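K.L.:
have a look at this prediction, sequence included:
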Amino acid sequence: MLGVNEAADLVGVTASRLRYWAQTGLVGPSLREKGRFYYTFEDLVAVKVAKELADAGMPVQRVRKHLESLRRLLPGRPLAALRIVSDGDELVVLDDVGAFEPATGQLVMSFAVRSLLPGEVVPLREPAPETAYGCFLAAVASEDDGDDGRAARLYERALRLDASFAAAWTNLGNLHERRGQRGEARLAYEKALALDPDQPEARFNLANLYTDLDDTELALAEYRRVAAHAPTFADVHYNLGLLLARIGATAQARKHLERFLELDGASTWGDAARQVMSML
């Protein structure tokens, strides 16, 4: 699973574009953990489809329509099992049965792939884990399937192939933390930050780890660094507000909880934030 910045880097879009797509309901993250949204492997595939279609010149409204058609016609079937081809105007889906138009569901009986622009053919199957990037995507897919053991092995293989893969260090740290291996998790987050000091996800997770270890001073320092460099990162304001409330810094706690409500007040965590504020 990936945060916005890592997902944007992997797919090749800007983080602001990815956030816009999520805010407008085009395509976005589907997994929420500890109050933060993450992109699953299937989400990344959908983002890739949206990017390729948009880059081909297809209007966003039509991209949305095609994605909705795919989800409606293929309930429970992962987009990663398909190939999507487009000439920038029409969309055709290839599967193991044949080719069909997602807007109508009709089979395309006479379909010439060569008539489409080669650059608009989007291979969506999971890459074989022969490269660091391939291992990383396979690890993300394994996490989505609940196989943390295989995911950890794949992240480790990715890092053997490319020790500078900061996102792999972050995700490996998350797996260590879920297993209760806090020392290993801390080392992984620190390695991620040594490679990418501005990565908010790794620093946020490190701050959470310090909170769990009751190291309030270090936790506050890391949360504040995230809030300063990524002010729209809603979850850091929530966690920072809770920690400040715990130590009696009510004015600062209220400030960050109010900021969280501005950014993500409609979520279920918004109700929790309002409850904490009512007691300050």
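P.N.:
Done, it's in. Bear in mind that the values here come from a model prediction, so they are computed numbers and not experimental data.
K.L.:
ok, residues contacting stretch 207-223?
P.N.:
34, 177, 182, 185-186, 189, 203-204, 206, 226, 236, 239-240, 243-244, 246-247 (Cβ atoms under 8 Å, 6 or more residues apart in numbering). All C-beta spots, glycine's among them, are computed from the backbone N, C-alpha and C.
K.L.:
list buried residues within those.
P.N.:
Among those, the ones that count as buried by 16 or more other Cβ atoms under 10 Å are 177, 185-186, 189, 203-204, 206, 226, 236, 239-240, 243-244.
K.L.:
out of those, what pair is the most spread apart?
P.N.:
Farthest apart among the buried ones among the contacts of stretch 207-223 by Cβ to Cβ are A185 and L244. That separation is 23.7 Å.
K.L.:
pull the contacting residues for A50.
P.N.:
Counting by Cβ under 8 Å, 6+ apart, A50 touches W21, L26, V27, V63, L67.
K.L.:
would you list those residues in TSV and tack on distance to T14, secondary structure and neighbour count?
P.N.:
What follows is those, written out as TSV (distance: Cβ to Cβ, whole Å; DSSP: H, G, I helix; E, B strand; the rest coil; neighbours: other Cβ atoms under 10 Å):
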residue	distance to T14	secondary structure	neighbour count
W21	11	helix	21
L26	14	coil	19
V27	15	coil	22
V63	17	helix	22
L67	19	helix	21
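K.L.:
now, which of those sits nearest G134?
P.N.:
V27 (22.5 Å).
K.L.:
I'd say that closest one and A54 touch.
P.N.:
No - taking contacts as Cβ atoms under 8 Å, V27 lies outside contact range of A54: 10.5 Å.
K.L.:
count of neighbours near H229?
P.N.:
Counted with other Cβ atoms under 10 Å, the neighbours of H229 add up to 14.
K.L.:
backbone phi and psi for it, please?
P.N.:
Per-residue torsions, H229: phi -90, psi -20 (degrees, to the nearest 10).
K.L.:
one more: V49?
P.N.:
With angles defined as degrees, to the nearest 10, V49 sits at phi -60, psi -50.
K.L.:
ok, it to D55 distance?
P.N.:
Separation of V49 from D55 (Cβ to Cβ, to the nearest Å): 11 Å.
K.L.:
swap in L213?
P.N.:
Distance, L213 to D55, by Cβ to Cβ: 45 Å.
K.L.:
go on, G146?
P.N.:
33 Å.
K.L.:
which of these two has more neighbours?
P.N.:
The residue with more neighbours, out of G146 and D55, is D55; 13 against 9, by other Cβ under 10 Å.
K.L.:
which stretches of the stretch 51-200 of the chain form helices?
P.N.:
60-73, 132-144, 148-161, 166-178, 182-195, 200-212 (DSSP state H, counting those that start in this stretch).
K.L.:
just send those helices back as a markdown table, with distance to V13 and mean pLDDT too.
P.N.:
What follows is those, written out as a markdown table (distance: least, Cβ to Cβ, whole Å; pLDDT from 0 to 100):
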| stretch | distance to V13 | mean pLDDT |
| --- | --- | --- |
| helix 60-73 | 13 | 68 |
| helix 132-144 | 16 | 82 |
| helix 148-161 | 21 | 91 |
| helix 166-178 | 15 | 91 |
| helix 182-195 | 21 | 94 |
| helix 200-212 | 17 | 91 |
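K.L.:
most widely separated two among the contacts of A50?
P.N.:
For these, the farthest-apart pair by Cβ to Cβ is W21 and L67; their separation is 10.3 Å.
K.L.:
now list whatever residues contact both of those two.
P.N.:
Residues touching both W21 and L67 (Cβ under 8 Å, 6+ apart): V27, A50.
K.L.:
my read: R19 touches A7, true?
P.N.:
No - using Cβ under 8 Å, R19 is not in contact with A7, being 10.3 Å away.
K.L.:
comparing the two, which shows the higher neighbour count?
P.N.:
Taking other Cβ under 10 Å, R19 and A7 do not tie; A7 has more neighbours (24 against 15).
K.L.:
that one is in contact with T40, isn't it?
P.N.:
No - using Cβ under 8 Å as the test, A7 is too far from T40 to be in contact (9.8 Å).
K.L.:
no more questions from me, cheers.
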